[in-house]
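J.: Pasting a predicted model and its sequence here:
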Amino acid sequence: MCRALGLFAVVGFLVAAYTPLAGTWCERALLGRRIDPADAVVVLGSGISPSGLPSPSSERKALLGIELFRKRLAPLLVFVGTEPSEAQGRTRIALQLGVPADAILTSSGARTTKDEADLVATMLKRRRARRVLLVTGGLHMRRAAQLFTRAGFTVSPAPLEDTFCWEASAEERIALAYQLLREQLAVSFYRLAGYL
């Protein structure tokens, strides 16, 4: 049994590193951008850095959300974060870039994408907002869009362009395969739990 598992791991490593499998899988996993007018731009969380500020990924998502808001695609900008400092940091960035304070909604404390969808549904239900421009990472978008659709929203995906499917080096292809496998395990868990 141990030898079989070891052989499987070595073969998986070699396939990920030296074949186009990760690139093909990646292309199928990504959703393209569909930028439509909406009731709100919803920017999902990415966590905070060790200093307590939004992580670089969180900042990139916030900037994309702000860009969509400033194009007047939605009257509301919603920041969802894992920690209050993430939402506060993103709000500071938005205010500095000219977003009016009364157009910004924040929520923190979400630990999972399902938590984020539930929090946003509760927050936007009062405002009768049903169409959202959803901002998150490229590989995360498909699962996030499905959860927000189940929460009652019409979703226009606006993923970060943060995933490059055809990586040059074997090391980068292995890292991509790891990210894809992790996302696939999350999708499988969400299906087993009845969230999708």
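T.: Right, received. Where do you want to start? Please read these numbers as outputs of a predicted model, since none were measured by experiment.
J.: C-alpha only now, for contacts and for neighbours.
T.: Fine.
J.: And stretch 72-86, what's buried?
T.: 73-74, 76-86 (16 or more other Cα atoms under 10 Å).
J.: gap between the two ends of it?
T.: Length of stretch 72-86, first residue to last, Cα to Cα, to the nearest Å: 24 Å.
J.: Any chance of the buried residues of stretch 72-86 in TSV with pLDDT as columns?
T.: As requested, these are exported to TSV (pLDDT from 0 to 100):
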residue	pLDDT
L73	97
A74	97
L76	97
L77	97
V78	96
F79	95
V80	92
G81	81
T82	80
E83	82
P84	82
S85	84
E86	89
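J.: so of these, which ones are in helices?
T.: 84-86 (DSSP state H).
J.: May I see the buried residues of stretch 72-86 organised as JSON lines, with distance to L63 added?
T.: Shown next, in JSON lines, are those (distance: Cα to Cα, whole Å):
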{"residue": "L73", "distance to L63": "15"}
{"residue": "A74", "distance to L63": "15"}
{"residue": "L76", "distance to L63": "14"}
{"residue": "L77", "distance to L63": "11"}
{"residue": "V78", "distance to L63": "12"}
{"residue": "F79", "distance to L63": "11"}
{"residue": "V80", "distance to L63": "14"}
{"residue": "G81", "distance to L63": "14"}
{"residue": "T82", "distance to L63": "18"}
{"residue": "E83", "distance to L63": "18"}
{"residue": "P84", "distance to L63": "18"}
{"residue": "S85", "distance to L63": "16"}
{"residue": "E86", "distance to L63": "13"}
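J.: Closest to I104 out of those residues?
T.: L77 (4.9 Å; Cα to Cα).
J.: these two touch, right, that closest one and A40?
T.: Yes: at 5.8 Å, L77 counts as touching A40 under the criterion of Cα atoms under 8 Å.
J.: which residues do those two both contact?
T.: Shared contacts of L77 and A40 (Cα atoms under 8 Å, 6 or more residues apart in numbering): none.
J.: just to revisit the earlier point, of the buried residues of stretch 72-86, which is the nearest to A62?
T.: Of the buried residues of stretch 72-86, the one sitting nearest to A62 (Cα to Cα) turns out to be F79, at 7.6 Å.
J.: Identify the residues contacting the closest one.
T.: F79 neighbours (Cα under 8 Å, 6+ apart): 42-45, 62, 87, 90-91, 104-107.
J.: among the residues you listed, which are in helices?
T.: Within the contacts of F79, residues falling in helices by DSSP H are 62, 87, 90-91.
J.: Name the member of the residues you listed with the most neighbours.
T.: A62 (30 neighbours; other Cα atoms under 10 Å).
J.: Quick check, pLDDT for that one.
T.: At A62, the model reports a pLDDT of 95.
J.: right, and it touches V43 too?
T.: Yes: the criterion here is Cα under 8 Å, and A62 meets it with V43 at 6.4 Å.
J.: which helix of the protein spans the most residues?
T.: Taking DSSP H as the criterion, the chain has its longest helix at helix 170-193.
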